[in-house]
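Novice: the following comprises the amino acid sequence and a computationally predicted model.
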Amino acid sequence: KEGKTTSFLGIPYAEPERFELPKPVAAWTGVKNAQVWGPVCPAPEQTNVSSHELVFPHRYWIENENCQYLNVWTQNLAPATRKPVMVWMHGGGFTNGSSMESYAYDGRSLSEFGDVVVVSVNHRLNILGTLDLSAYGPQYANSRYTGTADLVVALQWVRDNIEAFGGDPGNVMI
């Protein structure tokens, strides 16, 4: 908890199979550590520093192709609160980016200012999320859609679980 905001970082929302559609995450027992960002999808290596890095600094994190993690910021954990929910899907043209790459992506300020529940999402990118391998067998029929399917499963997770974070599953803005 930071000030009025409670943050939950690195919550798994899906279990991936390489180049296959995501599966809902298996339930766990006990307390799940949600104090650090989840892994981000591997992206092409950067070989130079952008000229806008001074005004738009980036953060870098552990990369892993199993990157289906989301983050939640809330002002009130009571399910009856039913605050509006804002889901942030980072930019990057489905080739790079992450839910934590910019300091501006931290949902704490927005959650406090707007009195909303904020969710940000990591998902598969580049070849992990869009490579068409359908010619290699029926298990890969949807391989080109895995990154988009991750986002759909993340939204399903929000629908099914956001009430426990004080959010209204019927009032979600993407």
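Specialist: Done, it's in.

Novice: need the CA coordinates for the helix ranked longest in the chain. CSV is fine.
Specialist: In the chain, with assignment by DSSP state H, the single longest helix is helix 146-161. Output of helix 146-161 as CSV, limited to C-alpha atoms (Å, rounded to 0.1, in the frame of the first residue of the first chain):
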residue,chain,number,x,y,z
THR,A,146,-2.0,-15.7,-29.5
GLY,A,147,-1.1,-12.1,-28.4
THR,A,148,-4.6,-10.9,-29.1
ALA,A,149,-6.1,-14.0,-27.3
ASP,A,150,-3.9,-13.1,-24.3
LEU,A,151,-5.7,-9.7,-24.1
VAL,A,152,-9.1,-11.4,-24.4
VAL,A,153,-8.2,-13.8,-21.5
ALA,A,154,-7.0,-10.8,-19.5
LEU,A,155,-10.3,-9.1,-20.0
GLN,A,156,-12.1,-12.3,-18.9
TRP,A,157,-9.9,-12.4,-15.8
VAL,A,158,-11.0,-8.8,-15.1
ARG,A,159,-14.6,-9.7,-15.6
ASP,A,160,-14.3,-12.7,-13.2
ASN,A,161,-12.0,-11.2,-10.5
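
Novice: show the pLDDT at the residue nearest the centre of the chain.
Specialist: The residue lying closest to the centre of the chain (CA atoms, centre = their mean) is V121, at 1.3 Å. pLDDT, V121: 97.

Novice: centroid-wise, who is the farthest residue in this protein?
Specialist: A135 (29.6 Å).

Novice: is it correct that that residue falls within a helix?
Specialist: Yes. Assessed with DSSP: H, G, I helix; E, B strand; the rest coil, A135 lies in a helix.

Novice: quick check: it vs E65, distance?
Specialist: 21 Å (CB to CB, to the nearest Å). In this view, the C-beta of every residue, glycine as well, is placed from N, C-alpha and C.

Novice: quick one: neighbours of V40, just the number.
Specialist: Neighbourhood size, V40 [other CB atoms under 10 Å]: 24.

Novice: offset the numbering so it begins at 24, please.
Specialist: Fine by me, first position is 24 from now on; the one you just mentioned is V63.

Novice: OK, contacts around the residue farthest from the centre of the chain?
Specialist: Applying CB atoms under 8 Å, 6 or more residues apart in numbering, one finds that A158 lies in contact with no residue.

Novice: and the lowest-mean-pLDDT helix or strand in the chain, what does it pack onto?
Specialist: Using mean pLDDT, DSSP states H and E, the weakest-scoring helix or strand in the chain turns out to be strand 37-40, at a mean of 90. With contacts defined as 3 or more CB pairs under 8 Å, 6 or more residues apart in numbering; DSSP states H and E, the packing partners of strand 37-40 are strand 43-47, helix 169-184.
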